[in-house]
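>>> Here you go, sequence then predicted model.
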Amino acid sequence: MAHQKKLVRSEEKRVVGGVCAGLAQYFGVDPVLVRLIFAALALVQGVGVIAYLIIWFVVPGESNRDLNGEEAFKANFSDMRSRANQLIGRLGEGQQGSMFIAILLITLGAIFLLGQFVPMHILWPLVLIALGGYLLFIRR
C-alpha cells in the first residue's frame, strides 16, 4: 500500500503559522516561493491574508494530524491565539516595539482612510511609489 501524502502545517519550519511551509512540503516546492505567492495575494485586497487564515484554521499542524475535524479546529485556534500573543509580545517589548506598533496602526489607518477617497487600484501603486521614493531619499 502506497504512503498517502497528507497536508499539514509545518511546526518546524514555520514563520507564523506553518501554512506556507506545509503547502511547500506537500507540493514539493521551496517555501519562499509559497510565501511570495501569499504576499502577492495579500496585496490583492487582502485575499492572501484571508486564505492564509482559513488554511491555518482548517489544516492541522504536524503534531495534530490524527485529530478529527472539530478537535483539529480547536487546536488550530489555540495555536493561532498563542502565536498571536507571542508575536504581539515580541513587537510590544520596550519603547521601540510600542513605537513600531503605533506607526503601523497609523499607517494602516491612513491607507484605509485614503482608500475612501482614492480607488484602491490607484492607491497601492501610489503607496509603492512613495515608499520607493522615501527609501531613495533617506539613502542619500
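That came through fine. This one's a predicted model, so the numbers in the text were calculated from it and none came from an experiment. Numbers count the residues shown, from 1 in each chain.
>>> Pull out the buried positions in stretch 76-86.
76, 79 (16 or more other CB atoms under 10 Å). For glycine as for every other residue, the C-beta is placed from the backbone atoms N, C-alpha and C.
>>> Tell me the helix or strand right after the helix or strand of the chain with the lowest mean pLDDT.
Ranked by mean pLDDT, DSSP states H and E, the helix or strand of the chain with the weakest confidence is helix 94-117, at a mean of 72. Sequence order places helix 120-139 as the next helix or strand after helix 94-117, per DSSP states H and E.
>>> Average pLDDT for that following helix, rounded please.
Confidence over helix 120-139, taken as the mean pLDDT, stands at 76.
>>> List the buried residues of that helix.
Buried residues in helix 120-139, counted by 16+ other CB under 10 Å: 123-124, 127.
>>> wait, what's in contact with the closest residue to Gly48 other than its chain neighbours?
Nearest non-adjacent residue to Gly48, counting by CB to CB, 6 or more residues apart in numbering: Leu41, 3.0 Å away. Leu41 makes contact with 47-48, 51, according to CB atoms under 8 Å, 6 or more residues apart in numbering.
>>> shouldn't Val19 be in contact with Arg9?
Yes. Counting by CB atoms under 8 Å, Val19 does reach Arg9; the two are 5.6 Å apart.
>>> hey, what's in contact with both of these two?
In contact with both Val19 and Arg9: 55-56, 59, using CB under 8 Å, 6+ apart.
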